[in-house]
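Trainee: Structure here, sequence nowhere to be found:
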């Protein structure tokens with residue numbers, strides 16, 4: 001590319017003639033004409049330069065040829081006709097000086113234009129560079145804006161999904177910051193707590209807390225728990241809330257985390273009222289089922305299953321406390337004959353009335369009256385001594401007589417009566433509760449064999465031993481002043497036989513050999529023999545009317561005792577068998593059973 005300044009230099013050479021020439025007057029016109037021609041050529045050259053600066057693409061090679069042609073024409077114009085050298089005399093000319101001045105002024109103006117044009121070119125280049133930078137920045141910004149728009153769309157989609165999830169859940173959700181101010185909630189939360197919209201939009205936490213607190217049955221506990229959770233943002237919590245309107249809410253709270261940092265707390269509330277009501281209905285049903293399963297359908301009192309469970313529980317409890325436990329067993333006299341005479345419907349009605357009598361008589365919360373089976377009934381009397389148990393049994397007998405239920409088929413009375421056995425024990429760990437039932441049943445049987453419509457009791461405290469020998473239950477006897485008949489000699493001997501029986505029991509439980517136990521059995525038999533003889537002598541002196549029968553009973557018991565002692569020595573009987581006969585049959589049943597019949601006869605008599 002040809003530098004436009006070259007054109008300027010060429011134009012200057014054309015416009016400024018040599019400093020000294022001999023110019024003839026007739027040639028002045030020619031020279032001036034040539035100068036004007038050259039000016040036109042320069043003007044055309046300037047126009048070409050401007051076109052170049054404005055970005056018009058011209059063929060500079062063509063411009064160069066045009067300039068050269070113009071110069072050659074100018075030279076040819078001033079050549080002498082004959083080729084001689086023309087000497088031009090340098091004569092000052094006013095017109096020529098003006099032309100020179102105009103040319104200089106024009107060339108200065110042209111130079112300024114060229115310099116300004118060059119500066120514009122540099123500015124254009126700088127603007128082009130800055131434009132490229134701006135285009136790159138714009139492109140980068142467009143990419144960033146697109147990324148931001150894409151992220152914003154994803155965020156909007158995520159928020160929409162989050163809101164849809166919050167609104168679709170069955171739980172009420174509340175999200176707060178660490179200061180307790182509301183960040184987000186769903187409509188279910190507002191519906192559960194009946195919260196107005198303006199209260200949810202406030203930035204103050206206390207009105208919302210107070211609104212919820214006012215609906216609680218225990219507002220202080222609710223508020224304390226909320227404060228505790230906000231003071232301990234790392235912990236989670238679960239509990240059940242009970243509202244004043246009877247609803248139940250399950251509350252679950254856990255920290256809201258962003259990465260490893262806790263930024264707030266999420267509260268979840270579920271209405272579990274229907275579940276709680278269903279659970280309560282189920283509990284009521286189970287309770288009713290338990291009552292039905294433990295209640296005798298006919299009489300409405302406890303059944304045998306409930307009796308067995310309660311007796312086991314009370315026995316274990318009394319084993320720990322050491323308190324006395326009493327049991328009453330009752331059987332309606334000649335009840336089969338009652339059914340045969342009056343029919344089973346009347347029999348059922350009779351059983352219902354007797355059940356109510358037992359429940360009214362054994363009326364403490366800890367007492368239990370139960371139908372044992374058929375026409376048999378039982379009463380458990382916790383922490384009741386023998387005297388108290390007998391009093392309750394007598395109250396039952398009296399209440400039955402007051403009912404005066406007709407019973408023509410009874411050989412005892414014209415009304416319904418009952419026979420009872422009453423036993424009081426001191427329980428021990430490892431003992432069998434059913435042993436008490438066995439003792440009461442034995443006493444009931446004895447009441448029946450002795451005429452019915454009566455009670456037989458064991459007016460002493462027994463401790464059921466933990467160890468059994470075969471099918472026999474061993475008992476340890478404890479003396480009580482209730483067993484005294486008032487005759488000192490008989491009472492001393494009875495007490496001594498109690499102690500001898502306990503010595504025998506300790507030897508058996510300690511596992512001593514039969515050779516060591518046998519002498520103790522013989523000694524006990526001898527003591528019983530002496531007691532029977534002394535007792536018969538005292539009764540004879542008191543003119544006891546049935547002494548003969550009582551003496552016969554003594555002889556029978558002694559003969560059986562000696563026979564069992566011999567069998568024990570021959571190893572054909574166990575120590576348990578011998579002990580049960582001597583202690584249970586002789587000491588308990590006879591001395592505190594049969595002997596009891598003459599106690600009233602001897603009391604008040606001056607017998608030494």
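Mentor: Alright, I've got the coordinates. Treat the numbers as computed from the prediction; the structure is a model and nothing was measured.

Trainee: average model confidence for stretch 566-583?
Mentor: Stretch 566-583 carries an average pLDDT of 75.

Trainee: Now do that stretch: distance to the chain's middle.
Mentor: On the basis of C-alpha atoms, centre = their mean, to the nearest Å, stretch 566-583 sits 62 Å off its chain's mean C-alpha point.

Trainee: Can you give me the end-to-end span of it?
Mentor: Terminal residues of stretch 566-583 lie 17 Å apart, using C-alpha to C-alpha, to the nearest Å.

Trainee: In that stretch, which residues are buried?
Mentor: Neighbour-count burial for stretch 566-583 flags 568, 573-583 (criterion: 16 or more other C-beta atoms under 10 Å). (Each C-beta comes from the backbone N, C-alpha and C, glycine too.)

Trainee: Secondary structure and distance to residue 505 added to those, as TSV?
Mentor: Output for the buried residues of stretch 566-583, formatted as TSV (DSSP: H, G, I helix; E, B strand; the rest coil; distance: C-beta to C-beta, whole Å):
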residue	secondary structure	distance to residue 505
568	helix	15
573	coil	16
574	coil	14
575	helix	10
576	helix	10
577	helix	14
578	helix	11
579	helix	7
580	helix	11
581	helix	13
582	helix	10
583	helix	7
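
Trainee: May I see those residues arranged in CSV, with distance to residue 496 as well?
Mentor: Shown next, in CSV, are the buried residues of stretch 566-583 (distance: C-beta to C-beta, whole Å):
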residue, distance to residue 496
568, 22
573, 25
574, 25
575, 21
576, 23
577, 23
578, 19
579, 17
580, 20
581, 19
582, 14
583, 14
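
Trainee: List just the nearest of these to residue 416.
Mentor: residue 580 (34.9 Å; C-beta to C-beta).

Trainee: what about that closest one, distance to residue 589?
Mentor: According to C-beta to C-beta, to the nearest Å, residue 580 and residue 589 sit 11 Å apart.

Trainee: what do you get for residue 363?
Mentor: 31 Å.

Trainee: Same drill for the two, tell me which one is more crowded.
Mentor: residue 589 (18 against 10; other C-beta atoms under 10 Å).

Trainee: For the more buried one, which residues are in contact?
Mentor: Neighbouring residues of residue 589 by C-beta atoms under 8 Å, 6 or more residues apart in numbering: 442, 446.

Trainee: cool, and residue 380?
Mentor: Residue 380 makes contacts with 307, 310-311, 314, 325-327, 362, 367-368, 370, as judged by C-beta under 8 Å, 6+ apart.

Trainee: Out of those, which comes closest to residue 153?
Mentor: Nearest member of the contacts of residue 380 to residue 153, counting by C-beta to C-beta, is residue 310, at 74.0 Å.

Trainee: quick one on the thing from earlier: just the closest of the buried residues of stretch 566-583 to residue 498, please.
Mentor: Of all the buried residues of stretch 566-583, residue 498 sits closest to residue 583, with 9.2 Å by C-beta to C-beta.

Trainee: I'd assumed residue 507 was in contact with residue 520.
Mentor: Yes - under the criterion of C-beta atoms under 8 Å, residue 520 makes contact with residue 507 at 6.2 Å.

Trainee: residue ranges with poor pLDDT in the stretch 401-550 of the chain?
Mentor: Counting by pLDDT under 70, the ranges of the stretch 401-550 of the chain that qualify are 458-480, 509-512.

Trainee: secondary structure class for residue 174?
Mentor: What DSSP: H, G, I helix; E, B strand; the rest coil gives for residue 174 is strand.

Trainee: and after the helix or strand hosting residue 492, which helix or strand comes next?
Mentor: Assigned by DSSP states H and E, residue 492 falls within helix 488-509. For helix 488-509, the succeeding helix or strand toward the C-terminus, using DSSP H and E, is helix 514-541.

Trainee: Output the contacting helices and strands for that following helix.
Mentor: Packing contacts for helix 514-541, counted by 3 or more C-beta pairs under 8 Å, 6 or more residues apart in numbering; DSSP states H and E, involve helix 488-509, helix 547-569, helix 575-579.

Trainee: Could you list the buried residues of it?
Mentor: Buried, per 16+ other C-beta under 10 Å, within helix 514-541: 517-518, 520-521, 524-525, 527-528, 531-532, 535-536, 538-539.

Trainee: how far does that helix sit from the chain's center?
Mentor: 70 Å.

Trainee: Contact partners for residue 503?
Mentor: Contacts for residue 503 (C-beta under 8 Å, 6+ apart) come out as residue 520.

Trainee: same question, residue 385
Mentor: Counting by C-beta under 8 Å, 6+ apart, residue 385 makes contact with 324, 326, 424.

Trainee: Now intersect the contacts of residue 380 with the strands, please.
Mentor: Within the contacts of residue 380, residues falling in strands by DSSP state E are 325-327, 368, 370.

Trainee: Which one of those residues is nearest to residue 139?
Mentor: Taking the ones in strands among the contacts of residue 380 together and measuring to residue 139 by C-beta to C-beta, the closest member is residue 368, at 95.7 Å.

Trainee: And the helices in the stretch 151-300 of the chain, which stretches?
Mentor: Remark: helices assigned in the stretch 151-300 of the chain by DSSP state H, counting those that start in this stretch are 187-193, 197-201, 206-213, 219-231, 273-293.

Trainee: Using neighbour counts, pick out the buried residues of the first one.
Mentor: Along helix 187-193, these residues count as buried under the neighbour rule (16+ other C-beta under 10 Å): 188-190, 192-193.
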